[in-house]
Every structure is written in structure tokens, then in C-alpha cells.
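> With the sequence up front, the predicted model follows.
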Amino acid sequence: MAISIAFKTPPLSPLSFSSETSHKPNNISFSWSNSLSFSLSLTLRVSATVASPEITTTITNLKKSVKSRLPGGFSAQSIHGTGRRKCALARVVLQEGTGKVIINYRDAKEYPQTNPSWLHYLKVPRVTLGYESSYDMFVKAGGDLAGQAQAISHGVARALLKVSQNHRIPLKREGLLTRDSGIAERKKVGPKKARKTPQFSKR
């Protein structure tokens with residue numbers, strides 16, 4: 001590809017400008033008729049992450065399975081609860097099963113980045129009542145992963161109350177029914193962070 005442009009300037013002689021693109025990738029050269037030339041090399045790197053067909057197929061199969069087991073959606077089920085923590089919100093549905101946990105149409109062992117402390121939060125309410133392998137758990141959650149894990153725990157505890165009101169005492173004893181309202185304090189104008197301020201200098 002070649003492009004030529006001719007123009008005149010009062011103090012200089014007529015100049016001609018041409019650009020040619022060589023067949024080599026990412027190499028462009030420019031030249032002028034007054035013996036000035038330079039070359040420009042461009043390097044373009046494009047990276048993209050594409051889910052493998054196996055992962056896509058697994059998610060699709062799980063989504064079909066969940067929708068078949070939850071006709072009418074999450075709110076139409078008899079044993080459900082909503083949990084909250086920080087900015088995260090989780091809707092939890094319990095069904096009698098073998099202890100399977102599905103979060104946002106993915107297996108729980110893969111979803112929270114296999115963080116052991118986050119996985120522990122998911123188990124605490126059911127382990128407290130001895131229901132670890134008695135109910136399957138289906139979750140829709142949003143927010144940061146740390147907040148989601150605790151929101152799911154809160155939602156499971158609320159859902160277990162619909163199984164029996166006798167569960168309130170042991171769940172309350174473990175503090176699983178109380179919403180943790182602690183959030184990060186906002187940054188103020190002037191300080192570096194919420195409370196941190198620059199070092200004071202009297203003079």
C-alpha cells in the first residue's frame with residue numbers, strides 16, 4: 001500500500017510525502033524527498049481468554065439441571081433464604097439430596113477460587129445441625145467473593161429455619177442468623193484513607 005501527498009510551504013522547497021507498508025508484519029516506513037527518513041516499528045499484542053468447550057458444556061449442563069430442579073425459579077421454592085454481607089447478596093434454595101452445592105451454575109469447589117476459609121463458611125450452618133449430606137444447595141450470589149461466602153452462610157441459616165423453627169436456638173448460638181453489618185469506612189477529603197492522616201508538622 002502506498003500513499004503520496006504533495007504540498008508547498010513558503011520558506012521551504014516543495015516536499016513530497018509517501019508512506020509504504022512492507023510485507024513484513026508490524027513494520028511501517030516513511031520517507032521525504034529532502035533526504036529525511038525514519039522508520040517506525042509497532043508491536044501489537046492481543047491476548048484473549050476463551051473458555052474451553054468442556055467448561056462451557058459443564059456450565060450449560062449444570063444450568064439445565066438446576067432449572068429442571070427449580071421450576072418457577074428460586075423464589076418459588078419452599079425452602080429458601082436470602083443472605084447479605086457487605087455489598088454481597090445471596091439467594092439460597094435447599095432441597096433434599098446428597099449435599100451438592102451449586103453456586104451461579106458452577107460447582108462450589110471451583111467457584112470461590114478454592115479458598116479454604118470461604119469454603120468453610122458454606123458448610124458451617126449445615127454442619128451445625130448435622131445436615132451436611134442431607135440437602136442440596138443452589139445459590140445465586142453477587143458481589144465480591146469474600147462477601148459472597150459469608151452471605152451464602154447467612155442465607156443457608158435463614159433457609160434452615162424454614163425446615164424447622166427448632167433450629168433457631170443452635171443457629172442463634174453460633175451467631176449464624178445475625179447479619180454482619182460491618183463494612184469498609186469511606187475515605188474522607190484530606191486524609192489518605194478513612195482514618196490515616198499525613199504526619200503532623202508544627203512548623
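That came through fine.

> can you give me the strands in this structure?
All strands of the chain, identified by DSSP state E, fall at 2-7, 15-21, 27-32, 37-41, 80-85, 88-96, 101-103, 106-107, 135-142.

> Does residue 157 touch residue 81 like I think?
Yes: using C-beta atoms under 8 Å, residue 157 is in contact with residue 81, at 7.2 Å. (Each C-beta comes from the backbone N, C-alpha and C, glycine too.)

> ok so, going back, and the strands of the chain, which one's lowest on average pLDDT?
With a mean of 42, strand 37-41 has the lowest mean pLDDT of the strands of the chain.

> any idea how far the most centrally placed residue in the chain lies from residue 113?
Among the residues of the chain, the one closest to the centroid is residue 144, at 6.6 Å (C-alpha atoms, centre = their mean). Remark: distance between residue 144 and residue 113 (C-beta to C-beta, to the nearest Å) = 12 Å.

> Which one's more surrounded, residue 157 and residue 81?
Neighbour count, other C-beta atoms under 10 Å: between residue 157 and residue 81, residue 157 has more, with 27 against 20.

> where's the more buried one relative to residue 126, distance?
Separation of residue 157 from residue 126 (C-beta to C-beta): 9 Å.

> Was I right to think residue 179 contacts residue 154?
Yes: counting by C-beta under 8 Å, residue 179 touches residue 154, with 6.1 Å between them.
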